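[1] how would this look folded up:
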Amino acid sequence: MLKATFSKADAKQTGEGAVFHHPIFSPEQVAADLEHGWVFLQPGQATAPHCRARAELYVVYDGQGRARVAKASAPIKELDAILIPPNAEHHLENTGERDLTVFWAAWKPVAPVEIGADRVAVAPFERERLKPAHLNTFYHWEPFSTKVMGGPDRFTTGWGLVGGGVASELHKHPTAELYVFFRGAAVQQVGLECTAVKATDSVMVPADTVHNLLNYTDQELLLYWIEVIPGSLPE
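    Below you'll find the predicted structure:
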């Protein structure tokens, strides 16, 4: 089973100076050209303004700050998701009193990203928008649709929640799936393997592989997932 744990002690300072970066899995391990990892900014620090030919997704794990895209800006906080279109100059600032810790992912869209560079696309976590799936054992919500993200078919991202004392339905699908855990703890099954997972852990589920989550605690398990058909993202 592919599992990784975020560690601030192992994070490397990037060429931008203020950013500490901790990668998760390689594109080869994900079977798709999906860059992703953790970054954090210490209080008062900011990333250098930059732009890429890829779309980028930021999901705030902890802390608060401000996201800037071109001339627009917006405050960001825990569990906010932010979508950045390709070729838009942007940067993040930590305006809080503790580290701003963010999960990020980047990909090359196959269609135009339906987010303009004249605003900051921030989607706060909205519990009431979670919908039941897998026999009501797993609740999910996609803050940005496949079409908005410019992705190929079956390229989706969103929040997942498993209640305390609940085991999600064992299931499989033709997409590979990256789980990034934000809150809580559980046992993750992938195929015939099981492992304990907690906040800041990540697990890669290969396509067509049975998997589920057993939340053995009385607290909710909250994760962010990215699902993609292997090889469908262009290099």
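
[2] now do the helix or strand of the chain with the lowest mean pLDDT: distance to the chain's middle.
    Of all the helices and strands that make up the chain, the one with the lowest confidence by mean pLDDT, DSSP states H and E is strand 12-13; it has a mean of 90. With Cα atoms, centre = their mean, to the nearest Å as the basis, strand 12-13 stands 20 Å off its chain's centre.

[3] tell me the SS of Glu128?
    Taken by DSSP: H, G, I helix; E, B strand; the rest coil, the conformation at Glu128 corresponds to helix.

[4] from Val228, how far off is Glu114?
    Per Cβ to Cβ, to the nearest Å, Glu114 is found 18 Å from Val228. The way it works is simple: take the backbone N, C-alpha and C, and place the C-beta from them, glycine included.

[5] do the same with Arg68
    Counting by Cβ to Cβ, the separation of Arg68 from Val228 is 28 Å.

[6] hang on, the earlier thing: more neighbours: which of Glu114 and Val228?
    Relative neighbour count places Val228 above the other of Glu114 and Val228, with 26 against 15, counting by other Cβ atoms under 10 Å.

[7] what's across from the more buried one in the sheet?
    Applying DSSP bridges to Val228 gives these bridge partners: Ala176.

[8] again with Thr5
    Judged by DSSP bridges, the bridge partners of Thr5 are Asp201.

[9] show me what contacts it?
    Residues touching Thr5, when contacts are defined by Cβ atoms under 8 Å, 6 or more residues apart in numbering, comprise Thr200, Asp201, Ser202.

[10] how is this structure divided into domains?
    Residue ranges for the structural domains of the chain, counted by automatic domain parsing, are given in the record as 2-123, 127-228.

[11] need the least confident one among the ones you listed, by mean pLDDT.
    For the domains of the chain, the weakest mean pLDDT is recorded on domain 2-123, namely a mean of 94.

[12] and Lys147, that one's in a strand?
    No: remark: Lys147 does not belong to a strand; assigned using three-state DSSP, it is helix.

[13] correct me if wrong: it contacts Val110.
    No: here Lys147 does not reach Val110: they are 11.0 Å apart, not a contact under Cβ atoms under 8 Å.

[14] who's more crowded, these two?
    When Lys147 and Val110 are compared on other Cβ under 10 Å, the one with more neighbours turns out to be Val110, at 14 against 11.
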